[in-house]
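Trainee: Sequence and predicted structure, then a few things I'm wondering about:
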Amino acid sequence: MRIAIIGQQDFGKATLDAFLARGDAVAAVFCAPEQGRPDPLRLAAEARGVTVHQFPRLTDPAAQEAMRAADVQLGVMAYVTQFVPQDFCVIPTFGTIQFHPSLLPLHRGASSMSWAIICGRKEAGFSIFRPNDGLDEGPVILSRAVPIEDEDTLGSLYFGKIFPMGVAALVEVADLVVAGHAPAIAQYEPRAGYEGIIREAESHVAWANHVDITYNLIRGCDPAPGAWTTHEGRKLFLFDSAKRIARRFADVKGRTPGEIVAEHGSSLLIHGQGGFIEVHRVRWDGGRKMPAAEAGLPIGTILGG
């Protein structure tokens, strides 16, 4: 088939590779203008001779004209951060499909996988749907679930499970759409939920919370943006954690939430309500990740003050 890919980063590149590997024609790639490191999708498309467009807004009439000029059967949205209007989506012969890393209508929004972990869910997944002008609100063609294990982080959930399955499913759904066999199941609005992007306020650790809440927050923000606490006015980001439940009062007697109570090899053990968080790696704001025991925080330090 002849397609256009709208997306960016590693997921967009993997989607490009998957369609090209089976002999499909990718006539155009639309990716957001870069801020910082080069976009892997753009680099891969240019290396393969695919026309690349980087419009600041896909509402620009020039973007729509570029899609018309591509003359494609299907638009494939693979990790899109720009608003994509319906006038753009309906240009391909068979319209456009979009990937979203949640079991829609749950967790609409850009930080869907993080929120699934933070909320303590045991299951996540992805959906491929027909985009409309609402955010992640269009009819669903396919959904697939994956388990969230107790030790999963945002990184392991995405790169180890949802990413590879999602790329393969986009190819599968593209075939269904072009063959005329794709369902379009309206999302069940009473079950719908939307959460905003995880930023500084959302990723702040409150040590007085139960360790279940703290542990889920750290996992849901690992590797980015990183859950954080403070010490002497400096931000400290926490990664690679484990939860240790307190079994009896004697385990926590005299402890303050946020107190570093032990050093285990390269890790630090921090007290929270109901137990402890063992943190293996940390990063001071502006610095590099390091073993937690090398952060210069002695036993008895109280974080978050």
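Mentor: Noted; the coordinates are in hand. This is a predicted model, so every value here is computed, not measured.

Trainee: Tell me who's in contact with residue 135.
Mentor: Listed by Cβ atoms under 8 Å, 6 or more residues apart in numbering, the contact set of residue 135 reads 108, 109, 194. Yep, even glycine has a C-beta here, placed from its N, CA and C like the rest.

Trainee: show me what contacts the first one?
Mentor: Going back to what we said before, that points to residue 108. Going by Cβ under 8 Å, 6+ apart, residue 108 touches 100, 102, 135, 136, 137, 192, 193, 194, 195.

Trainee: Kindly report the same for the last one.
Mentor: Residue 194 makes contact with 107, 108, 109, 135, 136 under the criterion Cβ under 8 Å, 6+ apart.

Trainee: what are the ranges of the helices in this protein?
Mentor: Applying DSSP state H to the chain gives helices spanning 9-21, 40-47, 61-70, 86-89, 112-118, 154-157, 163-179, 211-220, 249-252.

Trainee: Check which helices and strands the fifth one is in contact with.
Mentor: Helix 112-118 makes packing contacts with strand 123-129, helix 154-157, helix 211-220 when contacts are defined by 3 or more Cβ pairs under 8 Å, 6 or more residues apart in numbering; DSSP states H and E.

Trainee: Show me which residues of the longest one are buried.
Mentor: Put plainly, it is helix 211-220. 211, 213, 214, 215, 216, 217, 218, 219, 220 (16 or more other Cβ atoms under 10 Å).

Trainee: What of the shortest one?
Mentor: For helix 154-157, a neighbour-count test (16+ other Cβ under 10 Å) marks 154, 156, 157 as buried.

Trainee: one step back: make CSV from the buried residues of helix 211-220 and add pLDDT to it.
Mentor: Shown next, in CSV, are these (pLDDT from 0 to 100):
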residue, pLDDT
211, 97
213, 98
214, 98
215, 98
216, 98
217, 98
218, 98
219, 98
220, 98
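
Trainee: chain center to stretch 127-144: distance?
Mentor: Distance, stretch centre to chain centre, for stretch 127-144: 17 Å (Cα atoms, centre = their mean, to the nearest Å).

Trainee: That stretch: end-to-end distance?
Mentor: Chord length of stretch 127-144, first to last residue, is 7 Å (Cα to Cα, to the nearest Å).

Trainee: Just the closest of the contacts of residue 194 to residue 265, please.
Mentor: Ranked by distance to residue 265 (Cβ to Cβ), the contacts of residue 194 are led by residue 107 at 35.8 Å.

Trainee: what's the burial count for the closest one?
Mentor: Number of residues near residue 107 (other Cβ atoms under 10 Å) recorded here: 25.

Trainee: Pop out the phi and psi values for it.
Mentor: As for residue 107, its main-chain torsions (degrees, to the nearest 10) stand at phi 50, psi 50.

Trainee: Most neighbours among the contacts of residue 108, please name it.
Mentor: Busiest of the contacts of residue 108 [other Cβ under 10 Å] is residue 100, holding 26 neighbours.

Trainee: how about the helices and strands packed on helix 112-118, which one is nearest residue 145?
Mentor: Of all the helices and strands packed on helix 112-118, strand 123-129 sits nearest to residue 145, with 4.0 Å by Cβ to Cβ.

Trainee: follow-up on the earlier one: as CSV, the buried residues of helix 154-157 with distance to residue 66 would be great.
Mentor: Below are the buried residues of helix 154-157 laid out as CSV (distance: Cβ to Cβ, whole Å):
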residue, distance to residue 66
154, 34
156, 37
157, 34
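
Trainee: Using CSV, lay out the helices of the chain together with distance to residue 282.
Mentor: Putting those into CSV (distance: least, Cβ to Cβ, whole Å) gives the following:
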stretch, distance to residue 282
helix 9-21, 25
helix 40-47, 28
helix 61-70, 43
helix 86-89, 43
helix 112-118, 19
helix 154-157, 16
helix 163-179, 26
helix 211-220, 11
helix 249-252, 22
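
Trainee: Which of those sits closest to residue 78?
Mentor: Shortest distance between residue 78 and the helices of the chain, using Cβ to Cβ, is found for helix 9-21: 3.9 Å.

Trainee: orientation of the closest one relative to helix 40-47 in degrees?
Mentor: If you take axes from the mean of the first three to the mean of the last three Cα atoms, to 10 degrees, helix 9-21 sits at 40 degrees to helix 40-47.

Trainee: What is helix 9-21 packed up against?
Mentor: strand 2-7, strand 25-30, helix 40-47, strand 74-78, helix 163-179.

Trainee: what about the helices and strands packed on helix 112-118, which gets the closest to residue 53?
Mentor: Closest approach to residue 53 among the helices and strands packed on helix 112-118 (Cβ to Cβ): strand 123-129, 22.8 Å.
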